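Peer 1: I'd like to go over a predicted model; first the sequence, then the structure.
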Amino acid sequence: MQMTKYAVIVAGGKQYLVKENDEIVVDRQQAEEGGSLKLDKLAEFETEKLSVELGAPLLKEKVTAKVIAQLKGDKIRIAKFKAKVRYRKVKGFRAKLTKLKITKI
């Protein structure tokens with residue numbers, strides 16, 4: 001059985017549990033398609049070892065990721081309505097996202 005290294009990273013104010021060669025979709029990051037990105041690492045552990053390396057709050061090493069694509073999320077419809085006053089308002093929202101591939105932990 002092969003040992004797998006996992007890391008907890010921070011991207012766009014959210015935390016993700018990743019391993020090498022994982023593809024994740026995060027909030028829009030300022031990077032070119034095909035470029036690389038360094039992400040902060042909160043914790044690191046391996047499947048075989050029983051120890052966990054925690055940062056306070058971050059670890060010194062960073063996780064390297066490659067930007068695969070800049071894309072848009074699904075369209076969300078937001079409707080406001082008040083009864084008996086003829087008030088109706090409809091808005092739309094579409095999140096801007098970045099698809100990353102984790103290259104090095």
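Peer 2: Received, thanks.

Peer 1: Out of the helices and strands in this protein, which is least certain?
Peer 2: Lowest by mean pLDDT, DSSP states H and E among the helices and strands of the chain is strand 52-54, with a mean of 92.

Peer 1: phi, psi of the residue positioned nearest the centre of the chain?
Peer 2: Centroid-nearest residue in the chain, with C-alpha atoms, centre = their mean: Val26, separated by 3.3 Å. When read as degrees, to the nearest 10, the backbone of Val26 gives phi -120, psi 170.

Peer 1: mind listing what it touches?
Peer 2: Ala11, Gly12, Lys14, Tyr16, Leu97, Thr98, Leu100 (C-beta atoms under 8 Å, 6 or more residues apart in numbering). All C-beta spots, glycine's among them, are computed from the backbone N, C-alpha and C.

Peer 1: How about Gly13?
Peer 2: By C-beta under 8 Å, 6+ apart, the neighbours of Gly13 are Asp27.

Peer 1: same thing but at 10 Å, please
Peer 2: Val26, Asp27 (C-beta atoms under 10 Å, 6 or more residues apart in numbering).

Peer 1: Same question for the one 5 residues further on.
Peer 2: With contacts defined as C-beta under 10 Å, 6+ apart, the neighbours of Val18 are 5-9, 11, 24, 39, 41, 63, 65, 100-102, 105.

Peer 1: Go again with 6 Å.
Peer 2: Ala7, Ile9, Ile102 (C-beta atoms under 6 Å, 6 or more residues apart in numbering).

Peer 1: Please apply the same query to Val63.
Peer 2: Counting by C-beta under 6 Å, 6+ apart, Val63 touches Ala7, Ile9, Leu39, Lys41, Ile105.
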